[in-house]
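Student: Give the three-dimensional model of this entry:
(2 chains)
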Amino acid sequence: MPMKITNEIKDNTIIMTLDGELDASSSVMLDEELSDPEIMEYSKILVDCKNLHYISSAGLGVFISHLQRFEDAQIKLIFYNMQDKVRNVFEILGLDLLMTIVSDYEEARSIANE
Amino acid sequence: MAKERKFSLPFTDFTSTKNNILSQENKTADSSPMLYKTNARSLLVTTAVVSWALLLANVLFSAHRLREQGVAQLSLPFLNNLLVVVFLVSVFLFQRLSTESLKGVDFIGYLWNLFSKAAVAAYVSVALFLGYKVMTNYADAESPLLLHLVYQINFGLLVVFLAKAFYIWRQLLLYHKNKFLQIAWDWFELLLGAMLLLTIFNFKYDSIIFMPLLALIGFYILFLCTNLKWVAYLTFSNKSRSLVLLGAILLSCYIFVRFFKGMENNPKLVVDYTDVGFLLLAMMFVGAYTLAAFLVSLFSLPTSGVFEQKSEDLLNFQRLSQSIQQGQSEAQVYDMLFESTIKASDASASWFELIRNGEPQVTHLLNIDVDQIKRIRHLLLAYNIHNIDYINNNLNRNPGFRDLMLPWKSLIILPIKSKNYLSGVLYLLKDIEQGFDRETVNVLRTFTSQTILTIENLRLIAESLQNERYKEELKIATQVQDSLIPKKFPVDSWFEISTHAMAAKEVGGDFYDFLQLSESRIAIIIGDVSGKGISAAFHMAQMKGIFHGLMQQDMPPSEFMKQANSALSRCLEKTSFITSALYIIDYSMKGFMFARAGHCHTLYYNAMMDDVFYFQTDGLGLGIIRDKSYANHIREMYYDYNPSDVMVIYTDGIVEARNEANEEYGEDRLKYMLQQTYHLEAEDIKYAIINDLEHFTGPDNLYDDQTLLVIKFKPVEPNK
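Tutor: Down below sits the predicted model:
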């Protein structure tokens, strides 16, 4: 199943929707998306994981590699609508304590605006 | 047993002798046709000579009587006819046998054979007759005996010539035969044989009754004469030679016809062989076929060049397409292309450029100098038509080319280009306008596409050889990695351990290892490097080094993780990380200490509480946070074990393995498996889990490395 990444921009927020499976090949796409210098102009990145069915270690690696950069630039990276299966992968690796993972869009929105 | 052997021995003897007999029979059967043939040939020759000699004697005797009594009549006419038939049959059969050995497509050889061995007979006969004439003129006296002798000798020569010609034409006529033609020929031979009966019974073939039959046979002969396929296979020079030979043979026919017609109804002769219908028909056939072959050769002479060219093109295509099997290099293929295209187009000048690293390099040239090439290339570059398919059949009409003052009037450019790779460009020049017509261009294009195909194939072969080498090296990598994973754990009375490891590719990113820290303490580590393949394998080896390096100093698991994280931070690429779990089991304390760095939760069976559960501890993977703050993300846990407790350590390749419906194996199913099997030995628990996993995923469905360790604690033996 090919990965589909769509970006929606609202004010100073990017809402990134991941659709499909984030495996070794599609994580290259995600890396290109996150490496875009334009992204640094926004202060919040909300990642909608509703249709993210699977994440491989390569996919996790892409998020991890950008984590420090976003933190330094004080960009908030928030995941929401994550499926249990995918959330479990984040949790086992210990990423749930490092990244902000919330249940729905409203919650993500309110945390982003804090 | 003994009885059997007794019987079997004579039986085998019997069969072996039988086999011997059989093989001997086979041998005689093999050699007999050859023997039969030579026997038959010598018999036929003898018959022919004897019958001819008897004929001669009879004729001379009759001639003698003619002189004595003035009666121009043959003594014993029936016997004489019989002798004629016997002579004819034996000579024809002899030639039939001897021409069968002629094989192959050396048509000039056939013609030469016919001319040198038979057609010269006509010239001998002319010489004989002239000699007779000269002698009678000189002696001024007629000698009927001598005349008869000459006539009889000429008859013999005629028959030999006809027989030879008849059967050599047969070989040529039946070249590329079909069934119908073979049948038509067989009937013709039968018909001719039947004509001999007329001679035996002394029928006059030119009587009214036989005229329609003769006309019919004449048409039949004309039909047979249309089968001249062999002429098409002669090259131009061969055709010219065959014309000379055929002309000579035609002349022989004419000489014989002229001689025997001249002697027809001669009152001085007692015999007249023009009465023999068989000879007339054979002469009709030989003469007609020779004339047809002569005319066809003559008129196909101007077109034979085309046929030759086509067959050479075909041969060159074949050479090109076979060059792969013959293990030829690219350079040899280009040589072949260069030669073949020049021949096929009859180009007056040509050059070939090989593209090396994007730069053209002239490798072949013909009748053109480097300076001219440079000027033409310059012009083409200016027109922006280099390296593309281009034909100009009138260079003089183009001012640019006219200025170059080239001696050529037509140009074609043929790039050797596959889908996305230009390997060379071929330029052909001709000193006439319209030099490259559509037909020629088609042939040239076929050559270039065949070359492209050949070059592609050669490259593919080279690539596959390279791949083969990579595979070999990967095999070595597999062996090296395999040696990094311990095969044997220390065997001890207080615990047993069973392991399973399977890499999805040649090399993997999973690993496990152990280190005996002291007599009662052992460290066991499991890990999984993100990603797969070679890079993962390198990091796995690194992790093993870190494990052995750090654990020499004997530190608690959380401290190990902190230090390992710091070490890996310096060498792991940004997107890579490692999950790991370290267990230090202390037998004297009956407990173990462990830390989990993002690795899969440990599955545990507690025998005291009879419960199966996962250890839910926090811990971040290695290489995710690359500074000191990592220390805040690692937890350590101590747990007392009971005898018969079971610990299952694994990598995500186990729980994330998928079936055909894309469902994951999952932690729950793994837990359920341990609930069913905890009472078994460690080895059997492992097999139960692996079997269930394979049953779940189905065969050949391995996408991630899988590692599984099962540890079972045993009750301490009282004597220890």
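Student: Please count neighbours and contacts with C-alpha atoms only from this point.
Tutor: Noted.
Student: which regions of chain B sit below the pLDDT cut-off?
Tutor: Counting by pLDDT under 70, the ranges of chain B that qualify are B:1-34, B:70-75, B:101-102, B:205-206, B:323-327, B:716-720.
Student: swap in chain A?
Tutor: Within chain A, the segments meeting pLDDT under 70 span A:1.
Student: could you pull out the strands for it?
Tutor: Under the criterion DSSP state E, chain A contains strands at A:4-10, A:13-22, A:44-55, A:76-80, A:100-102.
Student: Kindly report the same for the stretch 551-700 of chain B.
Tutor: Assigned by DSSP state E, counting those that start in this stretch, the strands in the stretch 551-700 of chain B fall at B:578-586, B:591-597, B:603-606, B:611-614, B:636-640, B:646-650.
Student: export these to a markdown table and tack on mean neighbour count and distance to chain A?
Tutor: As requested, the strands of the stretch 551-700 of chain B are exported to a markdown table (neighbours: other Cα atoms under 10 Å in any protein chain shown; distance: least, Cα to the nearest Cα, whole Å):
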| stretch | mean neighbour count | distance to chain A |
| --- | --- | --- |
| strand B:578-586 | 25 | 7 |
| strand B:591-597 | 23 | 7 |
| strand B:603-606 | 21 | 13 |
| strand B:611-614 | 16 | 12 |
| strand B:636-640 | 14 | 14 |
| strand B:646-650 | 25 | 13 |
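Student: interface residues of chain B facing chain A?
Tutor: Within chain B, the residues that sit near chain A (Cα under 8 Å from any Cα of the partner chain) are B:530-531, B:574-577, B:579, B:597-601, B:618-621, B:624, B:633.
Student: Tell me which of the strands of chain A lies nearest to chain B.
Tutor: Shortest separation from chain B across the strands of chain A is recorded for strand A:44-55, at 10.0 Å, computed as Cα to the nearest Cα.
Student: how many degrees apart are the closest one and strand A:13-22 in direction?
Tutor: Here strand A:44-55 points in a direction 10 degrees away from that of strand A:13-22 (axes from the mean of the first three to the mean of the last three Cα atoms, to 10 degrees).
Student: what's the angle from strand A:44-55 to strand A:76-80?
Tutor: For the pair strand A:44-55 and strand A:76-80, the angle between their directions (the same axes, to 10 degrees) equals 40 degrees.
Student: just to revisit the earlier point, can you redo the strands of chain A as CSV with distance to chain B?
Tutor: Rendered in CSV, the data for those read as follows (distance: least, Cα to the nearest Cα, whole Å):
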stretch, distance to chain B
strand A:4-10, 19
strand A:13-22, 12
strand A:44-55, 10
strand A:76-80, 16
strand A:100-102, 15
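Student: nearest to B:Leu228, of those?
Tutor: Nearest to B:Leu228 among those is strand A:4-10; the distance by Cα to Cα comes to 73.2 Å.
Student: Show me the beta-bridge partners of the spatially most central residue of chain A.
Tutor: For chain A, A:Val47 is the residue whose C-alpha lies nearest the centre (Cα atoms, centre = their mean; 4.1 Å). A:Val47 has the following beta-bridge partners by DSSP bridges: A:Met16, A:Phe79.
Student: isn't it right next to A:Met82, touching?
Tutor: No - checked against Cα atoms under 8 Å, the pair A:Val47 and A:Met82 is beyond contact range at 9.2 Å.
Student: Relative to B:Leu550, how far out is the residue of chain A found nearest chain B?
Tutor: Minimum separation of chain A from chain B (Cα to the nearest Cα) falls at A:Leu93, amounting to 3.6 Å. Separation of A:Leu93 from B:Leu550 (Cα to Cα, to the nearest Å): 23 Å.
Student: These two: which has the busier surroundings?
Tutor: Remark: of A:Leu93 and B:Leu550, A:Leu93 carries more neighbours, 27 against 15, as counted by other Cα atoms under 10 Å in any protein chain shown.
Student: the helices in the stretch 101-250 of chain B, which residues?
Tutor: Taking DSSP state H, counting those that start in this stretch as the criterion, the stretch 101-250 of chain B contains helices spanning B:107-114, B:120-139, B:144-173, B:179-200, B:211-224, B:229-232, B:236-262.
Student: ok, A:Ser49 - contacts?
Tutor: Check again: residue A:49 is Cys, not Ser. Applying Cα atoms under 8 Å, 6 or more residues apart in numbering or on different chains, one finds that A:Cys49 lies in contact with A:Thr17, A:Leu18, A:Asp19, A:Phe79, A:Tyr80, A:Asn81, A:Met82, A:Gln83.
Student: Thank you kindly, that will do.
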